[in-house]
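Undergrad: Show me how the following folds:
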Amino acid sequence: MKNLVFAIVIGATAIACNQKKVENKTIKKVEKMEISNTQKVTELLKSIETGAQEPAGYINPNKYIQHNQGVADGLAGFGALLQQIPAGTAKANTVRVFEDGDFVIAHTDYNFFGPKVGFDIFRFENGAIVEHWDNLQEKVTQTASGRTQIDGFTEITDLDKTVANKTLVKNLLTDVFFGANPTKITDYISTEKYDQHNPNVKDGLAGLGEALASLAKAGMPMVYEKNHTILGQGNFVLSVSEGIFLKEKVSFYDLFRIENGKVVEHWDTIEKLIPAAEAKNKNGKFNF
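TA: Take a look at the predicted model:
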């Protein structure tokens, strides 16, 4: 009888150990299958084109704060927007995606109610998307530099320089964009290489100066009034600001690529602001 009890105890222990091993393997498998926040964003944006429903599961169904002024809050607002897109017309090709803490920044080539280039910012909590900002601009077929609004360098490098590069952009904004000391521009932007993707600006510092002088001469200077956030990873840094362009209130999203302590490439989108009374949500364009 004692031998039988001993056998039962040993058998139960072995079964428990085997179950534990299976559970551990299952846990490891689930952990292995867990995808990054950047991949979640890429898949979510691609679903605008493909119609795939699974990526919507990356959004917190109980909390999705929307800052696109033309879209209502929550998953319902996002779904309503997608339903308005003419069937078979949507395209979404995310060219750059990087992260800064809980934020993921995507730079995407869209066909979204017409060809556009856009920046999207998503904030995550506990692995789920809970907040979204964006800035969209119409695509053009010809640019002053001959580059497109979205081509160029894509590889994330210099992760150890993230803080230094964000500080560089912050000082660039203060001294040059906000005019504290514009003569220091060469402290921040390379005099040897400055690849420009703004459709109206040629390459190099000379091209930038020419474009700004032309706007000023026409009585329509580009004015940066306030910066709201700076996000970056490695060699890529995005600034979100508001100001005046062509005598209208706009949102400026500027993406800078830094190499050896100087800005060597620039992309941007400029979007006209909608009056608060006409917005479909009350969250504001810039509430970070």
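Undergrad: contacts, neighbours, all on C-alpha from now
TA: Will do.
Undergrad: Does N235 touch L159 like I think?
TA: Yes. The criterion here is CA atoms under 8 Å, and N235 meets it with L159 at 7.2 Å.
Undergrad: With neighbour numbers in mind, choose between those two.
TA: Counted by other CA atoms under 10 Å, N235 and L159 do not tie: N235 has more neighbours, with 24 against 13.
Undergrad: Now do the more buried one against S145, distance only.
TA: 22 Å (CA to CA, to the nearest Å).
Undergrad: Leaving out chain neighbours, which residue sits closest to G77?
TA: V71 (5.8 Å; CA to CA, 6 or more residues apart in numbering).
Undergrad: And the pLDDT for the one you found?
TA: pLDDT recorded at V71 is 96.
Undergrad: Number of residues surrounding it?
TA: V71, neighbours per other CA under 10 Å, totals 17.
Undergrad: tell me the contacts of it?
TA: 77-78, 81, 279-281 (CA atoms under 8 Å, 6 or more residues apart in numbering).
Undergrad: Identify the bridge partners of E242.
TA: Listed by DSSP bridges, the beta-bridge partners for E242 are K226, S251.
Undergrad: Count the neighbours of the nearest residue to F113 once chain neighbours are set aside for me.
TA: Nearest residue to F113, sequence neighbours excluded (CA to CA, 6+ apart): I85, at 6.5 Å. By other CA under 10 Å, 16 other residues sit near I85.
Undergrad: I85 reaches N111, doesn't it?
TA: No. With contact defined as CA under 8 Å, I85 does not count as touching N111 (9.8 Å).
Undergrad: Three-state assignment for the residue nearest the centre of the chain, please.
TA: Centroid check for the chain by CA atoms, centre = their mean gives I105 as the closest residue, at 2.1 Å. Under the three-state scheme (DSSP: H, G, I helix; E, B strand; the rest coil), I105 adopts strand.
Undergrad: Tell me the pLDDT of it.
TA: 99.
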